[in-house]
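J.: return a 3D structure for these sequence lines:
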Amino acid sequence: MQSRPGLPKPNEAALRRQLNAIKRAQFPWMLEVTKCAPQMAIIQLGRAFQNFFEKRARYPRFRRKGFDDRCTLSNDQFRVDGKRIRIPKLGWLRTRETLRFTGRIVSASVSRTAGHWYASITVDTQDAQLLPAENQGAVGVDFGVTHLATLSTGEKVAGPKALRTLLDRLRRLSRSLSRKVKGSGNRKKARAKLARLHARIADVRANGLYQLSASIVRRFHTIGIEDLYVKGMLGNRCLSRAIADMGFAELRRQLTYKAERRSGKIIVIDRWYPSSKTCSCCRYAIEALDLAIRQWTCPDCAALHDRDINAAINLRNMAVSSTVSACGGEGAGPVFEAQDETTPGEAGIQRKVNDA
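T.: Numbers count the residues shown, from 1 in each chain. Purely as a prediction, here's the structure:
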C-alpha cells in the first residue's frame with residue numbers, strides 16, 4: 001500500500017500537527033490522560049510509517065481499544081520507589097517486585113494482559129557477565145515432540161506441554177463464550193476467563209523453557225542444536241499443535257543469549273544433517289528411518305540406538321568438531337555459530353501492578 005498521488009507521505013511531524021489541530025474538538029478525552037501517551041504513540045507511528053516506506057516492515061495496523069492496550073512513558077513522566085511506581089493521573093501504584101537493575105531509567109511501557117497490568121521498564125545498564133558454565137564439556141540437544149529436549153548425556157525433558165494439559169478446559173471456555181450474546185455482560189465475563197486461561201498457558205510454557213535453558217547453559221559451555229524448519233514442520237496437521245506447544249524457536253533464542261552471558265557457544269547444525277539416521281558409533285548412515293521407530297540397530301556395528309539420544313550425540317560430535325575446525329583442525333561440515341540479537345546495555349523488567 002502506498003500513499004495517494006499528490007499527497008505527502010505520512011511522517012511524525014505531519015501526524016503530530018494533524019492530531020494537535022483536531023484533538024480538542026474531536027477527541028477531548030485525550031486531555032484527561034498524560035500528554036506523554038499520545039506523543040509516544042505518534043513517535044512510534046511515524047517510525048512505523050518510515051519502516052514501511054523503506055520496505056523494512058508491513059503497513060501499520062490499527063490498534064483497537066480493549067485489545068492490546070498499552071502506552072509508553074518517558075523517564076520524566078514516572079517514578080519508581082521500591083515496590084511502587086508513580087504513573088501520571090493515577091498516582092502511586094503497588095507492584096509485585098522491586099526494580100532489579102541499577103542504571104539510568106530510559107522509559108516504561110504500561111500494558112494489560114488478561115486483566116493484569118504490567119510496567120516494562122527499560123534501564124540503561126552494564127551487561128552483567130554471569131559465572132562461566134560448569135566444566136561439563138559439550139552437549140548435544142535434540143528437540144522433539146515426545147520430549148522437548150533430549151541431551152547427549154541421556155537426559156530427557158518432557159517439557160510442560162501447557163496447551164495439551166489445559167486443552168479440555170480451553171475448549172469448554174471457548175464453547176461457553178460462543179454461546180453468549182454479543183455485547184452482553186456475560187460475554188465479557190466469559191471472554192475474560194478465556195483470556196486468563198490463554199495467559200496461564202503462555203506463562204506455564206515460558207516458565208518451563210526458562211528453567212530448561214538456564215539449566216543447560218549453566219552446565220555446558222558448548223551446546224549443539226539443530227536448525228529446525230519450524231514453519232515447515234507446522235504443515236503436518238497431525239503434529240502441528242504438539243509442535244507449536246513446545247516452543248522450539250523460543251528455546252533456541254533463550255539458549256543463544258544465555259550462553260553468551262556465560263561465555264558459552266551455541267553451535268547450530270544444518271537442518272539437512274541426518275542426525276537421527278547416522279550411527280554415533282561407526283558413522284554408518286541408514287537410508288530411511290520412519291518417525292514411528294524410536295529405536296534401531298545399526299546394520300554395520302550392531303549397536304542399539306535410542307533415536308533421540310543418538311541424534312543428540314551426533315549433534316554434540318558435530319559441535320565439538322566445529323570448535324576444532326575453528327582452531328585450525330579438520331572441518332566439521334554444515335555448522336554455524338548462533339548470534340544473539342538482543343541489544344547490549346539495555347535490560348527490561350516486567351513488574352506486575354496490583355489491580356486498583
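J.: neighbours of residue 168, just the number please.
T.: Per other C-beta atoms under 10 Å, the neighbour tally for residue 168 reads 9. All C-beta atoms are positioned from the backbone trio N, CA, C, and that covers glycine.
J.: for residue 70, same thing?
T.: With other C-beta under 10 Å as criterion, residue 70 counts 15.
J.: that one and residue 131, how far apart?
T.: From residue 70 over to residue 131 the distance is 36 Å, taken as C-beta to C-beta, to the nearest Å.
J.: over to residue 166?
T.: 36 Å.
J.: residue nearest the centroid of this protein?
T.: Computing the C-alpha centroid of the chain and ranking residues by C-alpha atoms, centre = their mean puts residue 250 first, at 4.6 Å.
J.: go ahead and confirm that one touches residue 206.
T.: Yes. Taking contacts as C-beta atoms under 8 Å, residue 250 lies within contact range of residue 206: 7.5 Å.
J.: which residues touch stretch 183-202?
T.: 113-116, 162-163, 166, 169-170, 173-174, 176-177, 180-181 (C-beta atoms under 8 Å, 6 or more residues apart in numbering).
J.: show me the helices in this structure, by range?
T.: All helices of the chain, identified by DSSP state H, fall at 12-26, 36-53, 162-165, 167-179, 185-219, 230-233, 240-246, 248-261, 307-326.
J.: can you name every helix or strand that the second one contacts?
T.: Secondary structure elements in contact with helix 36-53, counted by 3 or more C-beta pairs under 8 Å, 6 or more residues apart in numbering; DSSP states H and E, are helix 12-26, strand 70-74.
J.: can I get it in PDB? Just the C-alpha atoms.
T.: The C-alpha trace of helix 36-53 is given here as PDB (Å, rounded to 0.1, in the frame of the first residue of the first chain):
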ATOM      1  CA  CYS A  36       3.300  11.600  27.000                       C
ATOM      2  CA  ALA A  37       1.000   8.700  25.900                       C
ATOM      3  CA  PRO A  38      -0.200  10.300  22.600                       C
ATOM      4  CA  GLN A  39       3.200  11.800  22.000                       C
ATOM      5  CA  MET A  40       5.000   8.500  22.200                       C
ATOM      6  CA  ALA A  41       2.200   6.900  20.100                       C
ATOM      7  CA  ILE A  42       2.800   9.500  17.400                       C
ATOM      8  CA  ILE A  43       6.600   8.900  17.500                       C
ATOM      9  CA  GLN A  44       6.100   5.100  17.200                       C
ATOM     10  CA  LEU A  45       3.600   5.600  14.400                       C
ATOM     11  CA  GLY A  46       6.000   7.800  12.500                       C
ATOM     12  CA  ARG A  47       8.700   5.200  12.900                       C
ATOM     13  CA  ALA A  48       6.300   2.500  11.700                       C
ATOM     14  CA  PHE A  49       5.500   4.500   8.500                       C
ATOM     15  CA  GLN A  50       9.200   5.100   7.900                       C
ATOM     16  CA  ASN A  51       9.900   1.400   8.200                       C
ATOM     17  CA  PHE A  52       7.000   0.700   5.800                       C
ATOM     18  CA  PHE A  53       8.100   3.100   3.100                       C
END
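J.: who touches that helix?
T.: Residues outside helix 36-53 that contact it (C-beta under 8 Å, 6+ apart) are 9-13, 15-16, 19, 23, 30, 57-60, 71-74, 77, 88, 107.
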